[in-house]
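In: Need the 3D shape of this:
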Amino acid sequence: MQELVNIFVKSIFMDNMVFAYFLGMCSYLAVSKTVKTSVGLGAAVVFIQIITVPLNYLIDKYLLAAGALSWLGPEYASVDLSFLSFIMFIAIIASLVQIVEMVVEKFSPALYASLGIFLPLIAVNCAILGGSLFMQQREYQSVAEATSFGLGSGIGWALAIIAIAAIREKMRYSHIPAPLRGLGITFIITGLMGMAFMTFMGIKL
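Out: Numbering: from 1, shown residues only. As a prediction, this is how the structure comes out:
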């Protein structure tokens with residue numbers, strides 16, 4: 001249980017997808033103009049991550065990895081389908097994003113209109129694919145660990161976009177030099193927030 005908590009906390013703060021690896025920056029910069037849309041997109045990312053990471057873990061462990069098909073019989077023990085990882089991970093992510101898009105359009109048309117093209121673009125959000133690839137690279141030992149990582153990485157990305165959205169809303173009432181207005185000051189603040197999140201690396205879990 002403690003290991004699951006460690007993975008969860010580290011994926012939110014120490015290994016934050018935005019501030020530690022700068023993944024998912026396209027949606028992060030484009031959608032973070034208001035807190036409302038940021039909360040909606042953040043929730044969608046959390047939902048996608050908590051499903052795709054453990055699902056891709058199971059696919060990798062029992063279908064794609066070297067020797068993963070040994071449960072079918074000894075003659076399949078030498079089969080290695082790991083070269084299909086990228087294709088399978090992206091296919092799973094794209095399918096679930098399509099489902100989320102349809103659900104949001106059905107139950108929250110206003111949020112769907114606000115998110116615009118960036119909702120279907122979750123399918124190519126590198127933070128989503130990064131979650132599955134990090135899961136594969138770190139060789140988690142159980143689906144519970146993969147789920148903990150998926151949930152934490154999704155919450156970490158949502159935390160980042162909601163935080164920058166709140167700051168950008170406040171900056172509308174601030175005097176910012178003309179050359180830095182818009183994305184300029186946003187990049188500066190993102191860098192400062194990234195350095196602030198680096199302080200969490202001093203915590204020993």
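In: Please name every helix or strand in contact with the least confident helix or strand in the chain by mean pLDDT.
Out: Of all helical and strand segments in the chain, the minimum by mean pLDDT, DSSP states H and E falls on helix 109-115, at a mean of 76. On a contact count with 3 or more C-beta pairs under 8 Å, 6 or more residues apart in numbering; DSSP states H and E, helix 109-115 meets helix 35-59, helix 85-107. (C-beta placed from N, C-alpha, C; glycine too.)
In: Would you point to the one among these that's packed deepest?
Out: Among the helices and strands packed on helix 109-115, helix 35-59 has the highest mean neighbour count (mean count of other C-beta atoms under 10 Å), at a mean of 22.
In: which of the residues in the longest helix that the chain contains are buried?
Out: As assigned by DSSP state H, the longest helix anywhere in the chain is helix 143-171. Using 16 or more other C-beta atoms under 10 Å as the test for burial, helix 143-171 gives 145-165, 167-168.
In: Tabulate the helices and strands packed on helix 109-115 in JSON lines, adding columns for mean pLDDT and distance to Leu29.
Out: Formatted as JSON lines, the helices and strands packed on helix 109-115 follow (pLDDT from 0 to 100; distance: least, C-beta to C-beta, whole Å):
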{"stretch": "helix 35-59", "mean pLDDT": "89", "distance to Leu29": "11"}
{"stretch": "helix 85-107", "mean pLDDT": "86", "distance to Leu29": "19"}
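In: Select, out of those helices, the one closest to Gly194.
Out: helix 35-59 (17.5 Å; C-beta to C-beta).
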